[in-house]
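**Q** got a predicted structure plus its sequence, pasted below:
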Amino acid sequence: MTKFFCGLGYEVEGLEHIKGLDAAVVLSKHQSAWETLALRHILPPQTTLLKRSLLWMPLWGWALATLRPIAIDRENQRAAMRKLLDQGTACLQEGLWVVTFPEGTRTAPGEEKKFGAGGAMLAQKSGYPVIPIALNAGEYWPRYSFLKYPGTIKVKIGPPIESRGRKAADINAEAEAWIRQAMQDISTR
């Protein structure tokens with residue numbers, strides 16, 4: 001619908017990196033609402049780590065709850081991490097991918113926030129690989145804006161990052177470095 005109404009399309013590079021994987025932990029850039037919808041279409045069956053308060057929104061939140069998200073209370077970080085590790089591992093073992101946004105919230109194009117370690121800790125604990133994803137959706141579908149701009153959103157999927165026998169900090173650093181470099185490659189600003 002965005003292509004028809006807004007002239008906004010997308011292209012994906014790196015789909016070969018996800019072929020043949022039973023499940024993975026995704027660490028994705030988060031710039032707009034676009035990727036929360038589009039990754040459902042681009043990636044295999046999945047669940048998403050999100051803040052619990054999103055489920056309280058009438059209609060939208062209720063619909064979101066049917067997708068079996070891992071809904072956490074960001075105020076209680078210890079309980080949030082325990083929930084991510086327990087539910088995330090169970091989902092991975094069921095063959096569901098776990099999508100996380102390590103910056104924790106949407107960031108404007110060119111803005112960088114420190115990567116949280118939750119997704120990398122899940123990968124370390126579960127032994128499933130990490131798939132890094134970079135995208136420039138915020139350049140066309142800005143956060144906090146009703147307006148969408150014509151163009152082509154670029155999504156770049158990186159090669160799997162092995163987690164077995166590695167520390168979460170090392171996994172996170174490798175994913176963050178790959179995403180930051182990929183963002184420089186695909187950014188139009």
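**A** Happy to help now that I have it. Numbers count the residues shown, from 1 in each chain.
**Q** how about the helices in this structure?
**A** 2-6, 34-42, 60-65, 77-93, 118-126, 168-186 (DSSP state H).
**Q** comparing those, which comes out most buried?
**A** Among these, helix 118-126 has the highest mean neighbour count (mean count of other CB atoms under 10 Å), at a mean of 25. Backbone N, C-alpha and C define where each C-beta goes, glycine included.
**Q** gap between that one and the chain center?
**A** The chain centre lies 14 Å from the centre of helix 118-126; the measure is CA atoms, centre = their mean, to the nearest Å.
**Q** which other helices and strands contact that helix?
**A** If you count contacts as 3 or more CB pairs under 8 Å, 6 or more residues apart in numbering; DSSP states H and E, helix 118-126 packs onto strand 25-28, helix 77-93, strand 97-100, strand 130-135, helix 168-186.
**Q** that one vs strand 130-135, what angle?
**A** Helix 118-126 and strand 130-135 are oriented at 160 degrees to each other (axes from the mean of the first three to the mean of the last three CA atoms, to 10 degrees).
**Q** run through the residues that contact the residue most central in space within the chain.
**A** Most central in the chain under CA atoms, centre = their mean is residue 28, positioned 3.5 Å from the mean C-alpha point. Counting by CB atoms under 8 Å, 6 or more residues apart in numbering, residue 28 makes contact with 35, 39, 99-102, 132-135.
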